[in-house]
Structure formats: C-alpha cells, structure tokens
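In: Here is my input, please return the structure:
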Amino acid sequence: MTDFDREGQMEEIPTITVARLQEMLERGDPVAVLDVRRSDEREEWFIPNSLHVDASDDLRAGDMNSLAAAELQRDRMVVTVCARGNTSKIAARELQRRGFNALSLAGGMRAWSLAWNSAEVPVAGNAARIVQLRRTGKGCLSYLIVGPEGEAAVIDASLEPEVYLELAEAHGSSIVAVLDTHVHADHLSRGRPLAERAGATLWLAPTDRVHFPYSELREGHVLEVGGATIETIHTPGHTPESTSFRVGQALFTGDTLFLSAVGRPDLETDAEGARGRAHDLYRSLNRLRELPAGTIVLPGHTSEPIQFDGRAIAGTLEEVGRRLDVLNLPETEFVATILDRIPPTPPNHDQIVQLNEAGEFPDTDPTELEAGANRCAVS
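Out: Residues are numbered from 1 along each chain as shown. This next block holds a predicted model:
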C-alpha cells in the first residue's frame, strides 16, 4: 500500500506516489493532505481540500513548531506535501514521531501536476458521450468523445496516451481521431504520441508553425467519428491557428474562451502582433456568442485546482456571458482592456512551444517543464 523512496534510504521516510494518493481521493478515503509550502507558493496551485501551514522555512531550519498549527486527526493518514518532495519528508518524519500515520508525497507538487480525474459531461440530445479529463494539479482539460458506433476522438491531449487508450477501451471504443485546438504554450501536447499509439489521424488547423505531418481542419470542416459529428470553427486570437469544435450542443473552445476569462493574445508575438490578435479574438468571441445561448462551453483550461467530485467544468454561453463583463465591451475597449490585463508568461513556455511545434517529447521528466499553474487566460 505504501511506496518507499529509494533515494532517501538513509532517512527511511515512507512516501506515497501520486497515483496512490489520486486513487484515495477519488474513492473518498479518509486522508488529510498537509501542504507545508510557503503561502505564496500555495496561492499559485494546491491539492483540493488540503490543509496548509506555512512551515517549509522553519522545517528546513530544524524548527518543528509550525506543524502544531495543523489541525490533524490521529485516526486518518496524513500525506505531507511540498514543492519537490524533500521538505515534506521532514514534516512526515516529525509527525510520525508525534504518533501520526504520516507519509510524504513523492515528487511533491511538481509530480502532482500529472494527477488527474474525470467527469462525464451531460449534454442533452447528444448521441456522443463526452468525458472531460482534468489534470487537477495543472488545470489542463482534455476530452474523449465517444461516438455511438464505437469510435472515439480526443481533443487537447495533455495526459499520457495510456490514459486515453484505456478510457476509450472502457467505453467500448477505439480512438480514430486526435485533435489539438492550437499549439499549446503551457503544457506539452500528447496529441502526436497518442495518435501514433492509437493508429489515429492527427488533426490541426492549417499552420506553418509545426514541423510534422498532420491532417488539416479548415473552417467548416465536419469530421465524422463513429456517428458523432465534429464541426470546425476557426477562432483566431489566442493564437492564429486557434480552433473551436462543436459537437451538437457541446462547444470545445480550447484557450479561446474559458468560463470566467478569455485567451491571452500575446504569446509568441510582439506588441503590435498582440494588438492584432486581440482584435481577432474579439471577432472570434462574438462569432461564438452567435451560437444558441444554451450551448455548453467546454474550455481547455481552468484556473483553480479541480475537485475529485465527478462534476464537469462547463457552463452555457449565456452563463459565461453574464459572468464575463469583458465580452460585452465594444471592440476598441475590449482590446485595450485585454492588453492591460496580460498576466505573467507561463513558465518555460519558450521550450514548451518549441517542442510542441516540433512534435517532440523531452527525454527528461516533463513535469520539470510543466511545473506551475497555467497562464493562458485573461480575466
């Protein structure tokens, strides 16, 4: 039940893997997750329902008193968490000394970035089944669309190919199409390796950015996948090739439209290019808003840690329009507002973009590049 850290044999601090903790949280097992990072690190991303004490500096200095602030129960397992899985070992060892059943999360929040859960998306009238896969430790959202005739498609794959292959098989289908809404800047696309593993066709909007073969999804292209119809809507702005997909009442918006934000227009371009893209984004968003108000928006990211609750991250166009005031601004004011609210660039985005454009995957641990929250949205 417990995995032991081979690099820390001298201390013999028991650790728990991300996969094991993920399973426990999915089942609702009695476990307390104790985050010991600094408060500013926790603000960026954290494990849902975790407890927190700002103790990392004290723990590294040998001061264990900060742990006393944690309200822990002795009848449940405690999993300590830090950035990379080192300081949390100190916390786990001290909690064990105090009589708690404590383990350290191997790899810390860096490793947790690959943790995921899923939720089925209820869409009235759709023959296809839609499953939302969520990297709870990163905020990336991807989708498995299962047609009624046993074929499936994946949109914006951000997890290991095995996850999608096994889930498709569990739904009695095989993956025949893999689509990316755009060239991603904050996570490594698993689209190409997934397509190769599945023997599926890789689809992308026409672009000269990438250096690998793919099938083109032009404006208005309709893709048939096992009885499910996927309609292509070109929605430039976040990037020139950004594309949304419509399956009945479900609208997959990538990083063009989120539930409470819109895509940033400035990555991989200069100030003049960002302004031009902001105008493109305005027109793309208004085009999407011409769809029926009850259309279900399914974005490519979320800005908050994702609960293990089985509830899809989704909202109708009408709900998003009420929540997001910037959508109701005239074009000139919209552009000025968006450019004024640009957040910091995603960590390591240059390296991630280069790899995604080349269709390559690093030989090293991908979490080194993908660490940190996604930053592709402007609220």
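
In: use CA for all of it now, contacts and neighbours both
Out: OK.

In: and the gap between the spatially most central residue of the chain and residue 118?
Out: When the chain is reduced to its mean C-alpha position, the closest residue under CA atoms, centre = their mean turns out to be residue 140, at 1.0 Å. With distances defined as CA to CA, to the nearest Å, the gap from residue 140 to residue 118 amounts to 12 Å.

In: Overlap in contacts, these two.
Out: For the pair residue 140 and residue 118, residues contacting each of them under the criterion CA atoms under 8 Å, 6 or more residues apart in numbering are residue 134.

In: domains in the chain, as residue ranges please.
Out: Taking automatic domain parsing as the domain assignment, the ranges for the chain are 3-112, 117-378.

In: from the middle of its chain, how far away would the longest one be?
Out: Domain 117-378 has its C-alpha centroid displaced from the chain centroid by 10 Å (CA atoms, centre = their mean, to the nearest Å).

In: Residue 83 against residue 106, yeah?
Out: No: here residue 83 does not reach residue 106: they are 10.1 Å apart, not a contact under CA atoms under 8 Å.

In: lowest-confidence stretch among the domains of the chain?
Out: The minimum mean pLDDT among these belongs to domain 3-112 (a mean of 90).

In: Now do it: distance to the chain's middle.
Out: Computed by CA atoms, centre = their mean, the separation of domain 3-112 from the middle of its chain amounts to 23 Å.

In: mind starting the numbering at 26 from now?
Out: Sure thing, new numbering starts at 26, so read that last one as domain 28-137.

In: so who does the closest residue in space to residue 246 that isn't next to it in sequence touch?
Out: Nearest residue to residue 246 in three dimensions, chain neighbours excluded: residue 257, at 5.2 Å (CA to CA, 6 or more residues apart in numbering). Contact partners of residue 257, counting by CA under 8 Å, 6+ apart, are 242, 243, 244, 245, 246, 247, 268, 269, 270, 271.

In: Number of residues surrounding residue 147?
Out: Neighbouring residues of residue 147 were enumerated by other CA atoms under 10 Å; the total is 15.

In: contacting residues for it?
Out: Counting by CA under 8 Å, 6+ apart, residue 147 has contacts residue 155.

In: From the neighbour counts alone, determine which of residue 108 and residue 131 ranks first.
Out: Each of residue 108 and residue 131 has its neighbours counted (other CA under 10 Å); residue 131 has more, 26 against 22.

In: these two touch, right, that one and residue 41?
Out: Yes: between residue 131 and residue 41 a contact is recorded at 5.8 Å, counting by CA under 8 Å.

In: dump the residue contacts of residue 366.
Out: With contact taken as CA under 8 Å, 6+ apart, residue 366 is in contact with 403, 404.

In: try the one 4 residues further on
Out: Taking CA under 8 Å, 6+ apart as the definition of contact, the neighbours of residue 370 are 292, 400.

In: one more time with 10 Å
Out: For residue 370, the set of contacting residues under the criterion of CA atoms under 10 Å, 6 or more residues apart in numbering consists of 210, 211, 289, 291, 292, 399, 400, 401.

In: how far away is it from residue 381?
Out: Applying CA to CA, the value for residue 370 to residue 381 is 17 Å.

In: Residue 54 now?
Out: The gap separating residue 54 from residue 381 is 37 Å, by CA to CA.

In: swap in residue 171?
Out: The gap separating residue 171 from residue 381 is 26 Å, by CA to CA.

In: so residue 288 touches residue 299, yeah?
Out: No: at 11.5 Å, residue 288 and residue 299 do not qualify as touching, with contact defined as CA atoms under 10 Å.

In: overlap in contacts of those two?
Out: Listed as contacting both residue 288 and residue 299 by CA under 10 Å, 6+ apart are 262, 263, 264, 363.

In: Take those residues and lay them out in CSV including distance to residue 200, neighbour count and secondary structure.
Out: What follows is the shared contacts of residue 288 and residue 299, written out as CSV (distance: CA to CA, whole Å; neighbours: other CA atoms under 10 Å; DSSP: H, G, I helix; E, B strand; the rest coil):
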residue, distance to residue 200, neighbour count, secondary structure
262, 29, 28, coil
263, 28, 27, coil
264, 27, 26, coil
363, 37, 25, helix
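
In: And those residues, which two are furthest apart?
Out: Using CA to CA, the shared contacts of residue 288 and residue 299 span at most 14.5 Å, a distance reached by 264 and 363.

In: Name the residues of stretch 370-377 that are buried.
Out: Residues of stretch 370-377 classed as buried under the neighbour-count rule (16 or more other CA atoms under 10 Å) are 370, 371, 372, 373, 374, 377.

In: now swap in stretch 227-246 and tell me
Out: Of the residues in stretch 227-246, those scored as buried under the neighbour-count criterion (16+ other CA under 10 Å) are 227, 228, 229, 230, 231, 235, 242, 243.

In: so the last one sits in a helix?
Out: No: looking at residue 243 with DSSP: H, G, I helix; E, B strand; the rest coil, it is coil, so not inside a helix.

In: hang on, it packs against residue 230?
Out: Yes: in this structure, residue 243 is within contact of residue 230 by CA under 10 Å, at 5.9 Å.
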